[in-house]
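Undergrad: Here's my sequence, what's the structure:
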Amino acid sequence: MRSGDVIVTKTAVPNPAPGSNGGYADGETAEWTVSVFNNGTGGTFAVEVTDTPNANFDAATLQLTPPGPPPGVNQYTLDYLEPGQQVDISVQAQIAVPSTAGSCPDLRNDVSVEDRLENTSSAFGSVLCDLQDPVFD
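TA: Numbers count the residues shown, from 1 in each chain. This is a model prediction of the structure:
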């Protein structure tokens, strides 16, 4: 029997705003690309993608597209992946740094996948913090 082998990677997208040096400031929306890949010789079914931003993000603003669940929902299920098939998901969340922060916090976002046969994979991506924002003065 041929089986699927699900692999996930996560890549941070640098802030494209002029003068940002690629970092994100409080209130801005950070973005990552999650790639879910079936590296097996058979199909894989019911691949559950769970994206978990850390406490320095507003979880209510989390958005997975395309296709994706409603904003604030951090799980999405891919019904089936053929051998060699890759699905890319854009993940966005708004940065929510406490006003009392005296330094740049860790802006990390984790992702994990699990298929119907309980094969798993996980990855994380961190975005840069923009220290030029007034909240850090």
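Undergrad: can you pull out the strands in the protein?
TA: Chain-ordered strands for the chain, with DSSP state E as the definition, fall at 6-13, 29-38, 44-53, 57-65, 75-81, 86-95, 108-114, 120-126.
Undergrad: Now the fourth one: buried residues?
TA: Burial within strand 57-65, assessed by neighbour count using 16 or more other Cβ atoms under 10 Å, is assigned to 57, 59, 61, 62, 63, 64. Where C-beta positions appear, they are placed from N, C-alpha and C, glycine not excepted.
Undergrad: per-residue confidence for the last one?
TA: Think residue 64. For residue 64, the pLDDT comes out at 86.
Undergrad: The one 4 residues further on too?
TA: Per-residue confidence for residue 68 comes out at a pLDDT of 63.
Undergrad: Could you point out which residue ranges in the protein have low pLDDT?
TA: For the chain, residues meeting the criterion pLDDT under 70 lie at 1, 19, 66-72, 131-137.
Undergrad: Try it again at 90.
TA: 1-4, 13-27, 53, 55, 59-60, 62-77, 97-106, 127-137 (pLDDT under 90).
Undergrad: Save the strands of the chain as a markdown table, and put in distance to residue 21 too.
TA: As requested, the strands of the chain are exported to a markdown table (distance: least, Cβ to Cβ, whole Å):
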| stretch | distance to residue 21 |
| --- | --- |
| strand 6-13 | 14 |
| strand 29-38 | 14 |
| strand 44-53 | 21 |
| strand 57-65 | 20 |
| strand 75-81 | 32 |
| strand 86-95 | 15 |
| strand 108-114 | 19 |
| strand 120-126 | 15 |
